[in-house]
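> A structural model of the following input is requested.
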Amino acid sequence: MSIRRALFVPAALAGAALVLTACGPDGPTDGPRPAKSASASDPQAAAPDPAGPDPAGQNPAASAPVAPKTAAPTTAPAAPAPAASAPVPASARPSAAGTPGGGGDDAYAYTHPCEGKDLTVRVTARPEAPTQRVIEVRNQGPHACGLSYYPLVGLGDSHAADHGKDLRPLVPGGLGGAPAYPVGAGRTAYAVIDLNPGGASAGTAAGIDHLDVLADGEHMPTAETRNFPLGPGAKVLGPRLGLYRSSVADAAASAATADQRP
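From the prediction side, this is the model:
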């Protein structure tokens with residue numbers, strides 16, 4: 001009896017081993033598994049691993065060295081181009097006449113009265129109007145200057161000791177506007193005096209033979225007064241003096257409007 005039990009125990013154990021082997025995986029667990037064959041139904045198994053080893057050089061992407069990444073150079077933004085300046089219109093550009101002393105700088109003349117040393121004054125007859133005299137004041141200075149609206153004029157006797165009673169001509173009224181009459185460098189201002197506008201032959205003032213002229217009666221001293229003879233036969237009655245003008249004709253027209261005492 002003891003021998004039969006000894007043979008039975010190994011048989012039972014062998015059957016259990018067979019049962020465990022049949023319930024396990026497809027092959028033995030302690031050996032390497034066979035590689036699966038590639039198929040269309042398993043793309044992962046068919047595609048090569050790009051990161052894996054490629055001893056035969058079949059995968060260029062895996063064998064080619066990867067270039068190191070470099071940071072993109074940073075450059076400062078370009079400064080904006082300066083805006084082109086608009087062309088200055090010709091009318092806004094300074095001209096020779098607009099510079100001090102250029103001959104037409106009125107603003108400069110308004111604040112710079114003329115000086116006697118820079119002026120030449122002369123009196124001439126006007127052939128087309130025998131009763132009129134033309135007073136010419138020329139600026140010989142290097143800059144423009146300003147005169148009063150009209151010269152200070154007196155008519156009297158050259159032999160008299162007292163000229164306080166000299167005759168003063170009428171002048172235009174209603175004056176205003178600019179503070180002075182501007183005279184550019186090298187330019188001439190004209191004023192016309194009509195000694196006898198009505199052309200009377202009787203009742204004229206007796207003994208008047210000279211004309212006193214002060215180019216600017218507002219800024220110049222009386223010592224700057226110039227004396228001019230009227231010539232023989234001059235008759236004076238109700239004289240009229242016009243404003244300074246740039247032409248003799250305009251000055252004569254201004255004299256015709258004189259209506260008040262200076």
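
> mind listing what residue 243 touches?
Going by C-beta atoms under 8 Å, 6 or more residues apart in numbering, residue 243 touches 149-150, 171-172, 175, 181, 191, 251, 254. Heads up, the C-betas are built off the backbone N, CA and C, glycines and all.

> whoops, I mixed them up, residue 197
131, 238-240, 256.

> How about stretch 199-208, which residues are buried there?
205, 208 (16 or more other C-beta atoms under 10 Å).

> for that stretch, what is the average pLDDT?
Mean pLDDT, computed over stretch 199-208, is 89.

> ok, residues contacting that stretch?
Contacts for stretch 199-208 (C-beta under 8 Å, 6+ apart): 131, 155-157, 160, 167, 196, 230, 234-237.

> Ok, stretch 160-171 next?
With C-beta under 8 Å, 6+ apart, stretch 160-171 has contacts from 150, 153-156, 193, 205, 207-208, 212, 236, 238-243, 258-262.

> Which among those count as buried?
Among those, those scoring as buried are 150, 153-156, 193, 205, 208, 212, 236, 238-243, 258 (criterion: 16+ other C-beta under 10 Å).

> right, and residue 116 touches residue 226 too?
No. Here residue 116 does not reach residue 226: they are 9.2 Å apart, not a contact under C-beta atoms under 8 Å.

> list the residues that contact both of those two?
Shared contacts of residue 116 and residue 226, counting by C-beta under 8 Å, 6+ apart, come down to residue 215.

> what residue ranges in the stretch 1-150 of the chain score low on pLDDT?
Counting by pLDDT under 70, the stretch 1-150 of the chain contains low-confidence ranges at 1-104.

> pretty sure residue 125 contacts residue 133?
Yes. If you go by C-beta under 8 Å, residue 125 and residue 133 touch, sitting 6.3 Å apart.

> which stretches of this structure form strands?
119-125, 132-139, 145-147, 152-156, 181-183, 188-194, 210-214, 226-229, 240-241 (DSSP state E).

> Need the ones you listed in a markdown table (columns: distance to residue 200).
Formatted as a markdown table, the strands of the chain follow (distance: least, C-beta to C-beta, whole Å):
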| stretch | distance to residue 200 |
| --- | --- |
| strand 119-125 | 19 |
| strand 132-139 | 15 |
| strand 145-147 | 31 |
| strand 152-156 | 15 |
| strand 181-183 | 31 |
| strand 188-194 | 12 |
| strand 210-214 | 19 |
| strand 226-229 | 21 |
| strand 240-241 | 13 |
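
> do you know which of these lies nearest residue 107?
strand 181-183 (8.6 Å; C-beta to C-beta).

> Packing partners of the closest one?
Here strand 181-183 touches helix 106-110, strand 145-147, going by 3 or more C-beta pairs under 8 Å, 6 or more residues apart in numbering; DSSP states H and E.

> how about the ones you listed, which one is nearest residue 221?
Closest among the helices and strands packed on strand 181-183, using C-beta to C-beta: strand 145-147, at 14.9 Å.

> same for that closest one, what does it pack against?
helix 106-110, strand 181-183.

> For the ones you listed, state which one has the densest average packing.
strand 181-183 (a mean of 24; mean count of other C-beta atoms under 10 Å).

> any residues touching that one, and which ones?
Contacts to strand 181-183, defined as C-beta under 8 Å, 6+ apart, come from residues 104-106, 109-110, 114, 137, 139, 144-149, 189, 243-244.

> how about a cut-off of 7 Å?
For strand 181-183, the external contacting residues (C-beta atoms under 7 Å, 6 or more residues apart in numbering) are 106, 109-110, 114, 139, 144-147, 149, 189, 244.

> Adjacent strands (with direction) for it?
strand 145-147 (antiparallel) (DSSP bridges).

> Please enumerate residues in contact with the partner strand?
The contact list for strand 145-147 (C-beta under 7 Å, 6+ apart) reads 109-110, 112-114, 118, 137, 139, 180-183, 189, 215-216, 244.
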